[in-house]
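Enquirer: Here is my input; please provide its structure:
(chains A and B)
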Protein chains: 2
Amino acid sequence: MKGEIIDTFIQAVRFDAQGLVTAIAQDAATGEILMVAYMNEDTLRRTLQTGIMTYWSRSRQKVWVKGESSGHTQHVESVHIDCDGDALVFKVHQKGAACHTGHRTCFYRRLTPSGLVEEGTLLFDPAKVYGKS
Amino acid sequence: MKGEIIDTFIQAVRFDAQGLVTAIAQDAATGEILMVAYMNEDTLRRTLQTGIMTYWSRSRQKVWVKGESSGHTQHVESVHIDCDGDALVFKVHQKGAACHTGHRTCFYRRLTPSGLVEEGTLLFDPAKVYGKS
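Expert: Residues are numbered from 1 along each chain as shown, chains lettered A, B, ... in the order given. Model prediction:
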């Protein structure tokens, strides 16, 4: 994507007081919501330039190329912005699982009348992928 | 849903420094992401008690029963929480349109190689629904 198109798009984004925008990764094939995280201007630009989802990790305060440790990268198919510009939806092709727990989606817990239940099967063993540190 | 189940669920939610949690409304039938907004503990509890999406409006600093002006309410089918508890997905049945612009979804703008394009048709005229104030 051309730099000037990226620049114009970034101008439409309303970053919050911390310089972040909410980024939702949605499975391009199934519509399943995989995860919610944040991007700053720099990581949004990297995402648009590379087509690989690149977040800003609030807990680690660093650039976070999703899947850099696990290989479970997210490849952007399309980018959508909401009416007031403070949230983005990225339709992505997810390699492996989005969640560090090994679930396909981070939203693997559903509220039922008897409490939270876990859904889906584990796609990997976190201890093997990330080590036991 | 029983009060004690709601209480236990709310304990699993990690509200931010402003006491808010990210709430994503997703069309239960199509998987389309309709909007992203916020709930505090009180409006989350109301949502779970009534089955009607009830947000906390950050701009107006008040309880916001979605659709209270327009009639475009959102009825909860299921509730999902992510791995770290700071984001919720609600699968909903949307009456009319989610967006105050008259679009079905707030994410009606897609980034293309030539810039942002609007998608979908307007389901209502905002001036008629909300008045021209």
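Enquirer: In a helix, residue A:43, correct?
Expert: Yes. Residue assignment for residue A:43, taken from DSSP: H, G, I helix; E, B strand; the rest coil, places it within a helix.
Enquirer: can you pull the pLDDT of it?
Expert: The per-residue pLDDT reported for residue A:43 equals 98.
Enquirer: Give me the buried positions along whichever strand or helix holds residue A:7.
Expert: Using DSSP states H and E, residue A:7 maps to helix A:3-12. By neighbour count, and taking 16 or more other Cβ atoms under 10 Å in any protein chain shown as the criterion, the buried residues in helix A:3-12 are A:5-6, A:9. For the C-beta atoms, the positions are set from N, CA and C on the backbone; glycine is no exception.
Enquirer: So which of those residues reach chain B?
Expert: Taking Cβ under 8 Å from any Cβ of the partner chain, the overlap between the buried residues of helix A:3-12 and the neighbourhood of chain B is A:5, A:9.
Enquirer: Let me know the closest of the buried residues of helix A:3-12 to residue A:89.
Expert: Closest approach to residue A:89 among the buried residues of helix A:3-12 (Cβ to Cβ): residue A:9, at 13.5 Å.
Enquirer: Off-centre distance for the helix holding residue A:7?
Expert: For helix A:3-12, the distance between its averaged C-alpha position and the chain's averaged C-alpha position is 20 Å (Cα atoms, centre = their mean, to the nearest Å).
Enquirer: Give me the mean pLDDT for it.
Expert: In the prediction, helix A:3-12 has an average pLDDT of 97.
Enquirer: Show the residue spans covered by the strands in chain A.
Expert: Along chain A, the segments classed as strands by DSSP state E run A:21-27, A:33-39, A:54-57, A:62-65, A:74-81, A:87-94, A:109-112, A:115-118.
Enquirer: Select, out of those strands, the one closest to residue B:44.
Expert: When the strands of chain A are ranked by distance to residue B:44, counting by Cβ to Cβ, first place goes to strand A:109-112 at 10.9 Å.
Enquirer: and the closest one, does that touch chain B?
Expert: Yes. Among the residues of strand A:109-112, A:109-111 lie within reach of chain B under Cβ under 8 Å from any Cβ.
Enquirer: What strands flank that strand, and is each parallel or antiparallel?
Expert: Within its sheet, strand A:109-112 is paired with strand A:115-118 (antiparallel), strand B:74-81 (antiparallel), according to DSSP bridges.
Enquirer: got a list of contacts for the shortest one?
Expert: Identification of contacts with strand A:115-118 by Cβ atoms under 8 Å, 6 or more residues apart in numbering or on different chains yields A:103, A:108-110, B:5, B:8-9, B:12, B:81.
Enquirer: what does the longest one give?
Expert: Counting by Cβ under 8 Å, 6+ apart, strand B:74-81 makes contact with A:33, A:107-111, A:116, B:9, B:12-13, B:25, B:28, B:34, B:47-48, B:51-53, B:66-67, B:87-95, B:98, all of which sit outside it.
Enquirer: Are any of those buried, and if so which?
Expert: A:33, A:107-111, A:116, B:9, B:25, B:28, B:34, B:47-48, B:51-53, B:66-67, B:87-92, B:94, B:98.
Enquirer: Could you measure from whatever residue of chain A ends up closest to chain B over to residue B:28?
Expert: For chain A and chain B, the shortest gap (Cβ to the nearest Cβ) falls at residue A:31, measuring 2.7 Å. For residue A:31, the distance to residue B:28 (Cβ to Cβ, to the nearest Å) stands at 11 Å.
Enquirer: how about the helix-or-strand element of chain A with minimal mean pLDDT: buried residues?
Expert: When the helices and strands of chain A are compared on mean pLDDT, DSSP states H and E, helix A:126-130 comes out lowest with a mean of 87. Neighbour-count burial for helix A:126-130 flags A:126, A:129 (criterion: 16+ other Cβ under 10 Å).
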